[in-house]
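Student: What follows is a predicted structure for the sequence shown.
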2 protein chains.
Amino acid sequence: MKHTKPIRIIAYGKYLPAKVSSEELERAHNLPPGCAVRISGVQNRHQATFESNGFMGARAIEEALAQAKLSLGDMDLLIAAGATFDYPLPSQASVIKSELKDGLAVHVPVMDINTTCLSFVSAFEVAAKMLDGAQYKRILIVSAEIASKGLNSASPETLTLFGDAAVAFIVAYDEGNSGSSFWKAYFKTYSEGLYHTIIRGGGNVHYFRDNPYDEALFSFEMNGIKVLQLAKRTLPDFMAMVLDDLSLQLSDIKIIIPHQASKAGLAVSRRLFPFAPDQLKENIEDHGNCIAASIPLLLHQSIEKGEIQRGDLCMLFGTSAGFSIGALIFTY
Amino acid sequence: MKHTKPIRIIAYGKYLPAKVSSEELERAHNLPPGCAVRISGVQNRHQATFESNGFMGARAIEEALAQAKLSLGDMDLLIAAGATFDYPLPSQASVIKSELKDGLAVHVPVMDINTTCLSFVSAFEVAAKMLDGAQYKRILIVSAEIASKGLNSASPETLTLFGDAAVAFIVAYDEGNSGSSFWKAYFKTYSEGLYHTIIRGGGNVHYFRDNPYDEALFSFEMNGIKVLQLAKRTLPDFMAMVLDDLSLQLSDIKIIIPHQASKAGLAVSRRLFPFAPDQLKENIEDHGNCIAASIPLLLHQSIEKGEIQRGDLCMLFGTSAGFSIGALIFTY
């Protein structure tokens, strides 16, 4: 059973803040030399200094619009797909839009979609379902993440792992039927993993007023071992269900863009599935885990490098806090 | 031009925390007797005490599932549509799911959609576009909002206006073509209004670590007059564009469910548009502005009272922080 829809990625852009090497990070946090790469496998990551999520997202979008030779007014919807935000209210998408060159003059509607690290994948699915060549011809998806602020300086495991990035994609209804298409997206949420990755402080449960700032409470907390165990247990069945009704084998997919959750997480995927050499892409050594921006950043790089060509069957794939697994199959 | 899709609301549920009268609120905050109703027009609102967003959302969903005589496993997606949250990470939908009776056993995927006060309307549109009678047969939408925590005790205008509520709806692909349908949703974002309604503290721009708790910075801030001016200026053209391609007049719509932004906002709508008596519903006096839960709560009440019958043409409609306007037309 194959029901594809003519959906085409027509442009992309990115914004990366300043690069921070593991040596710089170790010096800044009084960590033993060499420990950052040993713990996380990450050599470089980018970290916002003056930038906000809104600023980074707007620059990524402007690059994508320039590549497409289109303007904001040609977009029918702007989706901000991510987990971190400039203000608790309003939506991050409205903040990003307001920082665009034409943001005040053009009234394109906005929406936030958040499935933490899988937000871009979810937004891609929603966009593919909404695009109809009439009311929705082109949809902008932007993942602008600043992970670096929410890290606990007493937790080398998270401190060395995460990076900041913003990436934008324009997806369009493919009037010309040029061969690009959306095949299927598939997600599952395994709630036993809810508390394995969490920021406890700052919402209604541990509200600011009642909880003075405490780095551990207000920072990202991760039980890496439990996440890996849950992933190992759930991934094989999940992947079988993704491919189930598509008459596809994993080997039919040319390029797989996984979320860059962690070096150990990527190793688990390689052990579980018989990937061909170069089938599963990776950029964690140079960018760390950029939350929702990881998948679109790696997709962007794989297209730029020519590893993904028009007509290639691709899969976006990963796990996210919550705990969820998701995958999306499309022909580029 | 009319392209409807067979989409049907099949059940709903709600959870309301304890009622707080204006007299109680005035005593609790040392406000002059009678001022709460005078300022906001709100006589009663509900406020969470022990409840979290997750708890309230889960109870609303369980009521909806019981009404539908369905279980969580019959749902193909759970969307949390709202602006307030229990934890900054993971998504509110994953928190709500984990608090459901069957939440750990069933692996239905989850997603957050946030367009502040219009989140339910956005989620309804997304659900309508995703429902296909195959992979997505039934989608749960829940708006669980706790507004009361983020209010500044020095701002009677906001303190008296907001209430807490959770409301869940199950929307389904209408296999039987019973006459229920989704017609169209339409949104516009006017970014000049971005800073008219905002919570400044708690995100990356005014991060907790750098900003000790300060009630004004971490509470909801509203320039009510500027919001009203912007709404007055943009609403007439917006409504014309909603109806533009539908061969409909406003008078063809039996029931309009507006967001309960404020008494003054509802009065502006009544002055701008020639509504028939009883066409535009209202519950702000008894519930206040419940952010994204306002529209589904009023929809729930209008169905329960028999004001909305199967086959009736309805419109959801409102403004939201950002600043956005949105509308959705459907046949119940």
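Tutor: Now that the structure is in, tell me what you want to look at. Residues are numbered from 1 along each chain as shown, chains lettered A, B, ... in the order given.
Student: which stretches of chain A form strands?
Tutor: A:7-15, A:19-21, A:44-46, A:77-81, A:110-114, A:138-145, A:165-173, A:181-189, A:197-199, A:220-222, A:255-258, A:313-320, A:324-331 (DSSP state E).
Student: could these be laid out in JSON lines, adding mean neighbour count and mean pLDDT?
Tutor: All C-beta atoms are positioned from the backbone trio N, CA, C, and that covers glycine. Compiled in JSON lines, these are given as follows (neighbours: other CB atoms under 10 Å in any protein chain shown; pLDDT from 0 to 100):
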{"stretch": "strand A:7-15", "mean neighbour count": "21", "mean pLDDT": "98"}
{"stretch": "strand A:19-21", "mean neighbour count": "16", "mean pLDDT": "98"}
{"stretch": "strand A:44-46", "mean neighbour count": "23", "mean pLDDT": "98"}
{"stretch": "strand A:77-81", "mean neighbour count": "28", "mean pLDDT": "98"}
{"stretch": "strand A:110-114", "mean neighbour count": "30", "mean pLDDT": "98"}
{"stretch": "strand A:138-145", "mean neighbour count": "31", "mean pLDDT": "98"}
{"stretch": "strand A:165-173", "mean neighbour count": "28", "mean pLDDT": "98"}
{"stretch": "strand A:181-189", "mean neighbour count": "23", "mean pLDDT": "97"}
{"stretch": "strand A:197-199", "mean neighbour count": "22", "mean pLDDT": "96"}
{"stretch": "strand A:220-222", "mean neighbour count": "21", "mean pLDDT": "96"}
{"stretch": "strand A:255-258", "mean neighbour count": "24", "mean pLDDT": "98"}
{"stretch": "strand A:313-320", "mean neighbour count": "25", "mean pLDDT": "97"}
{"stretch": "strand A:324-331", "mean neighbour count": "25", "mean pLDDT": "98"}
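Student: how about TSV for those, with distance to B:Ala128 added?
Tutor: Output for the strands of chain A, formatted as TSV (distance: least, CB to CB, whole Å):
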stretch	distance to B:Ala128
strand A:7-15	18
strand A:19-21	44
strand A:44-46	39
strand A:77-81	15
strand A:110-114	14
strand A:138-145	16
strand A:165-173	17
strand A:181-189	17
strand A:197-199	32
strand A:220-222	35
strand A:255-258	29
strand A:313-320	24
strand A:324-331	20
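Student: so what's A:Ile7 up against?
Tutor: Applying CB atoms under 8 Å, 6 or more residues apart in numbering or on different chains to A:Ile7 gives the contacts A:Ala127, A:Ala128, A:Leu131, A:Val171, A:Ala172, A:Tyr173, A:Asp174, A:Ser180, A:Ser181, A:Phe182, A:Phe330.
Student: cool, A:Ala60 as well?
Tutor: So A:Ala60 contacts A:Gly13, A:Lys14, A:Tyr15, A:Val142, A:Ala144, A:Ala166, A:Val167, A:Ala168 (CB under 8 Å, 6+ apart).
Student: Show me the beta-bridge partners of the first one.
Tutor: Going by DSSP bridges, A:Gly13 is paired in beta bridges with A:Ala168.
Student: Which residues of the stretch 151-300 of chain A lie near chain B?
Tutor: When proximity is defined by CB under 8 Å from any CB of the partner chain, the stretch 151-300 of chain A lies next to chain B at A:184, A:186-192, A:194, A:197-209, A:212-213, A:215, A:218, A:220.
Student: what about the helices in the stretch 201-332 of chain A?
Tutor: In the stretch 201-332 of chain A, the helices defined using DSSP state H, counting those that start in this stretch lie at A:215-218, A:224-243, A:263-272, A:284-287, A:294-304.
Student: Looking at the strands of chain A, which is nearest to B:Thr116?
Tutor: strand A:110-114 (9.1 Å; CB to CB).
Student: tilt between the closest one and strand B:324-331?
Tutor: 80 degrees (axes from the mean of the first three to the mean of the last three CA atoms, to 10 degrees).
Student: Of all the helices of the stretch 201-332 of chain A, which one is nearest B:Phe275?
Tutor: Going by CB to CB, the one of the helices of the stretch 201-332 of chain A nearest B:Phe275 is helix A:294-304, 44.3 Å.
Student: you'd agree A:Phe55 is up against A:Ser98?
Tutor: No. Under the criterion of CB atoms under 8 Å, A:Phe55 is not in contact with A:Ser98, lying 10.8 Å apart.
Student: which ones are touching the closest residue to chain B within the stretch 151-300 of chain A?
Tutor: Here the residue of the stretch 151-300 of chain A nearest chain B is A:Phe187; by CB to the nearest CB that distance is 3.5 Å. Under the criterion of CB under 8 Å, 6+ apart, the contact list for A:Phe187 reads A:Thr115, A:Leu118, A:Val121, A:Ser122, A:Ser324, A:Ile325, A:Gly326, A:Ala327, B:Leu77, B:Pro109, B:Met111.
Student: Leaving out chain neighbours, which residue sits closest to it?
Tutor: B:Pro109 (3.5 Å; CB to CB, 6 or more residues apart in numbering or on different chains).
Student: A:Val110 now?
Tutor: Using CB to CB, 6+ apart, the closest residue to A:Val110 is A:Ala93 (3.6 Å).
Student: Just confirm A:Ile325 contacts A:Phe238, I think it does.
Tutor: Yes. Using CB under 8 Å, A:Ile325 makes contact with A:Phe238 at a distance of 4.8 Å.
Student: what residues are shared contacts of these two?
Tutor: Common contact partners of A:Ile325 and A:Phe238 (CB under 8 Å, 6+ apart): A:Lys188.
Student: Return the member of the contacts of A:Phe187 nearest to A:Glu26.
Tutor: Nearest to A:Glu26 among these, with distances taken as CB to CB, is A:Leu118, at 30.6 Å.
Student: Isn't that closest one up against A:Phe317?
Tutor: No. A:Leu118 lies out of contact with A:Phe317 (CB under 8 Å); the separation is 9.2 Å.
Student: Find residues that contact each of those two.
Tutor: Contacts common to A:Leu118 and A:Phe317, judged by CB under 8 Å, 6+ apart, are A:His259, A:Gly326.
Student: out of everything not next to it in sequence, what's closest to A:Ala66?
Tutor: Using CB to CB, 6+ apart, the closest residue to A:Ala66 is A:Gly13 (7.3 Å).
Student: you'd agree that neighbour is up against A:Met56?
Tutor: No. Contact between A:Gly13 and A:Met56 fails when scored by CB under 8 Å: they sit 10.9 Å apart.
Student: A:Asp244: neighbouring residues, count only.
Tutor: 12 (other CB atoms under 10 Å in any protein chain shown).
Student: what do you get for the one 4 residues further on?
Tutor: Neighbour count for A:Leu248, taken as other CB under 10 Å: 17.
Student: what sits against the residue lying closest to it once chain neighbours are set aside?
Tutor: Of all residues not flanking A:Leu248 in the chain, A:Ile329 sits nearest, at 7.5 Å (CB to CB, 6+ apart). By CB under 8 Å, 6+ apart, the contact list for A:Ile329 reads A:Trp183, A:Lys184, A:Ala185, A:Val242, A:Leu246, A:Leu248, A:Ile253, A:Leu313, A:Cys314, A:Met315.
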